[in-house]
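Asks: Please find the sequence and the predicted model below.
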Amino acid sequence: MEIDDLTPAEQRVWRAFATGATVDFRAGAEPDAPGWGPERTVRATVLRALLLNGPREAGEVAALKLVGARISGELDLRYAHVDSVVRMNRCRFDEVPRIAGARLSYLNLRDSELPGLASARVRVDGSLRLTRCRISGPVHLGGAQISGALFLDRAELTARDPAQAVLQLNQVSIDDDLCARQLRTRGLIRLDGASVAGSIDLEDAELSNPGGFVLEAEALTVGANLLGRRLRTRGRIDLRGARVPGRVDLLHSSLSNPGGTALRASSCVIGEIWLRAGDPMEGMLNLRRAEIGQLSVEPEMLPDQVRLLDLTYTSLTPHEPAERRLPMLERDDDAFDPHAYEQLTAAYRRVGDDQAARLVQLAKQRRRRATLPWYGRVWGRLQDAAVGYGFRPLRAAVWLASLLAVGSIVYAGHRPPALKPSEAPDFDPFFYTLDLLLPVISFGQESAFAPTGWYQTLSYVLIVTGWILATTVVAGVTRTVSRQ
């Protein structure tokens, strides 16, 4: 391409390229002044020629640095090798730049307007910066390899077709952070199989795709944290199979997908999840088969439907009474899962709250009772009323004391005949009843006297209930002593 074939605006860019000087087409005009006339227009074919075979000067670093330019035509760099820095800030692209399969040193499109970006499998040896860009079509970065960071902070991405992914980052490899603070999207972000060596920062972002997915990140691998403080979503987040060794930080967030799943983190391995101080989640929370080190969840943020089948966690914070944690387990409509109750019990025991642990175990037995046949439910209700399934031994002691009083009064009014009057000790109604109730200790009263009629029936009732209640008291005391 000859320089005589270029417009005055393009000649400025051509001359500046060799030394890496910046060409600012806003000079003498307001930065946001309307109008993109010929004095600010550069053809995409000129930029392509510069980047692939532009002039060089000895001792200088060639670079394309534009500010406030209009790029007319299609910038086609597919499978090209560009070793110069490319920085086009506050520019406007008439057509979608196509850089799929290209290898670039550095690409900065900060504050620019684009109808889309076709850059699948691109390789960037430095960073890729799309800060504050306004992109009205899909951004294809699937399979890209970025040695630095990917910047999407304060960008606005929209898709003409709601079913189309507005940002495709599937199988992308980023050796630093994915910075997307205050990102605004209207459509799906796809991160399936992506690998980010640093953190993903979505703080203050707003992702919207009502009725569909806002973030699809199956098998995502993050080296540090997934940050989403004050994140607002209208649609489904899917993190199934993700690996996040640090924390998934959703403090002050608002996740909404009424009638569907708001957050799915099933089969994940996560260091910490923080779900606190935000709006109540609208939609289902799915944590099935996840492995979480610290689960930090406030009960107020949980939705009406929670899926916890085979969820494992080491600690549960903040510390809340069992009465506030149990509804989390009861909101799971799946079949009775004793594992969830055992996990909550273990979390309370780790912090020494034995009373809360017993309440959880009691709730587990009551939930299990609903799965039994009618006779099992009847027997379960008797156990619950009598001794709280053995987790309320004091109730058993009260029953024992009551039966002891009843038996003492009854047998005081009707002394049973002695089996061997000459050898029988003096009858004592209190110790006789106690002899019936206690299965191990003997005071010599029960073996010496034999009641008749309904008094004999009463003795049988006292013996059976005594065995059950005394065993319950001993079991309760044994559990308490062994834990101490």
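Replies: That came through, no problem.
Asks: CA atoms for contacts and neighbours, from now on please.
Replies: Noted.
Asks: ok, V139 to T221 distance?
Replies: The spacing between V139 and T221, counted by C-alpha to C-alpha, to the nearest Å, is 21 Å.
Asks: Distance of the most far-flung residue of the chain relative to its centre relative to Q171?
Replies: Distance from the C-alpha centroid of the chain peaks at S422, with 78.3 Å (C-alpha atoms, centre = their mean). Using C-alpha to C-alpha, S422 is found at 95 Å from Q171.
Asks: my guess is L359 contacts A322, does it?
Replies: Yes. In this structure, L359 is within contact of A322 by C-alpha atoms under 8 Å, at 6.7 Å.
Asks: Could you list the low-pLDDT ranges of the stretch 301-450 of the chain?
Replies: Filtered on pLDDT under 70, the stretch 301-450 of the chain yields the residue ranges 333-335, 379-380, 382-394.
Asks: go with 50
Replies: Applying pLDDT under 50 to the stretch 301-450 of the chain flags no residue at all.
Asks: Could I get the full set of helices for the stretch 151-300 of the chain?
Replies: Using DSSP state H, counting those that start in this stretch, no helices are assigned anywhere in the stretch 151-300 of the chain.
Asks: ditto for the stretch 351-484 of the chain
Replies: Ranges of helices within the stretch 351-484 of the chain are 354-369, 374-387, 393-413, 429-437, 454-483, based on DSSP H, counting those that start in this stretch.
Asks: which one of the ones you listed lies closest to V46?
Replies: Proximity to V46 (C-alpha to C-alpha) singles out helix 354-369 among the helices of the stretch 351-484 of the chain, at 71.5 Å.
Asks: Against which helices or strands is the closest one packed?
Replies: Packing partners of helix 354-369 (3 or more C-alpha pairs under 8 Å, 6 or more residues apart in numbering; DSSP states H and E): helix 322-330, helix 338-350, helix 374-387.
Asks: tell me which residues in that helix are buried?
Replies: If you call a residue buried by 16 or more other C-alpha atoms under 10 Å, then helix 354-369 has these buried ones: 354, 356-369.
Asks: For that helix, C-alpha coordinates in PDB please.
Replies: Output of helix 354-369 as PDB, limited to C-alpha atoms (Å, rounded to 0.1, in the frame of the first residue of the first chain):
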ATOM      1  CA  ASP A 354     -23.800 -30.300  71.900                       C
ATOM      2  CA  GLN A 355     -27.300 -29.100  72.500                       C
ATOM      3  CA  ALA A 356     -27.700 -28.000  68.900                       C
ATOM      4  CA  ALA A 357     -26.300 -31.300  67.700                       C
ATOM      5  CA  ARG A 358     -28.900 -33.200  69.700                       C
ATOM      6  CA  LEU A 359     -31.700 -31.100  68.200                       C
ATOM      7  CA  VAL A 360     -30.400 -31.800  64.700                       C
ATOM      8  CA  GLN A 361     -30.400 -35.600  65.400                       C
ATOM      9  CA  LEU A 362     -33.900 -35.300  66.800                       C
ATOM     10  CA  ALA A 363     -35.000 -33.500  63.700                       C
ATOM     11  CA  LYS A 364     -33.400 -36.300  61.600                       C
ATOM     12  CA  GLN A 365     -35.400 -39.000  63.400                       C
ATOM     13  CA  ARG A 366     -38.600 -37.000  62.900                       C
ATOM     14  CA  ARG A 367     -37.900 -36.500  59.200                       C
ATOM     15  CA  ARG A 368     -37.100 -40.200  58.800                       C
ATOM     16  CA  ARG A 369     -40.400 -41.100  60.500                       C
END
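Asks: what angle sits between that helix and helix 322-330?
Replies: Per axes from the mean of the first three to the mean of the last three C-alpha atoms, to 10 degrees, the angle that helix 354-369 makes with helix 322-330 is 30 degrees.
Asks: for helix 354-369, the distance to its chain's centre please.
Replies: 26 Å (C-alpha atoms, centre = their mean, to the nearest Å).
Asks: What residues of stretch 291-307 count as buried?
Replies: If you call a residue buried by 16+ other C-alpha under 10 Å, then stretch 291-307 has these buried ones: 291-299, 301-307.
Asks: Quote the end-to-end distance of that stretch.
Replies: End-to-end distance for stretch 291-307, by C-alpha to C-alpha: 14 Å.
Asks: Can you tell me which of the helices and strands packed on helix 354-369 is most buried?
Replies: Stretch with highest mean neighbour count among the helices and strands packed on helix 354-369: helix 338-350 (a mean of 19; mean count of other C-alpha atoms under 10 Å).
Asks: What are the contacting residues of that helix?
Replies: The set of residues external to helix 338-350 that reach it, using C-alpha atoms under 8 Å, 6 or more residues apart in numbering, is 308-316, 329, 354, 356-358, 360-361, 364.
Asks: didn't L183 look like it was pressed against E156?
Replies: Yes. L183 is in contact with E156 according to C-alpha under 8 Å; the separation is 6.3 Å.
Asks: out of the two, which sits in the more crowded spot?
Replies: Legend: neighbour count by other C-alpha atoms under 10 Å for L183 and E156, higher for L183 (24 against 20).
Asks: Please list all residues in contact with the more buried one.
Replies: By C-alpha under 8 Å, 6+ apart, the contact list for L183 reads 152-156, 202, 204-207.
Asks: how about 7 Å then?
Replies: Neighbouring residues of L183 by C-alpha atoms under 7 Å, 6 or more residues apart in numbering: 152-156, 205-206.
Asks: Could you check the pLDDT of the residue positioned nearest the centre of the chain?
Replies: With distances taken as C-alpha atoms, centre = their mean, the chain has A265 as the residue nearest its mean C-alpha position (5.1 Å). If you check A265, the pLDDT there is 94.
Asks: Report the separation between it and I292.
Replies: 10 Å.
Asks: Kindly report the same for Y79.
Replies: Computed as C-alpha to C-alpha, the Y79 to I292 distance reads 42 Å.
Asks: With P280 instead?
Replies: Distance, P280 to I292, using C-alpha to C-alpha: 21 Å.
Asks: ok, now Q305?
Replies: In this view, Q305 and I292 are 19 Å apart by C-alpha to C-alpha.
Asks: got it, and A9?
Replies: A9 sits 58 Å away from I292, going by C-alpha to C-alpha.
Asks: Also A405?
Replies: On the measure of C-alpha to C-alpha, A405 and I292 end up 52 Å apart.
Asks: go on, G283?
Replies: As judged by C-alpha to C-alpha, G283 and I292 stand 21 Å apart.
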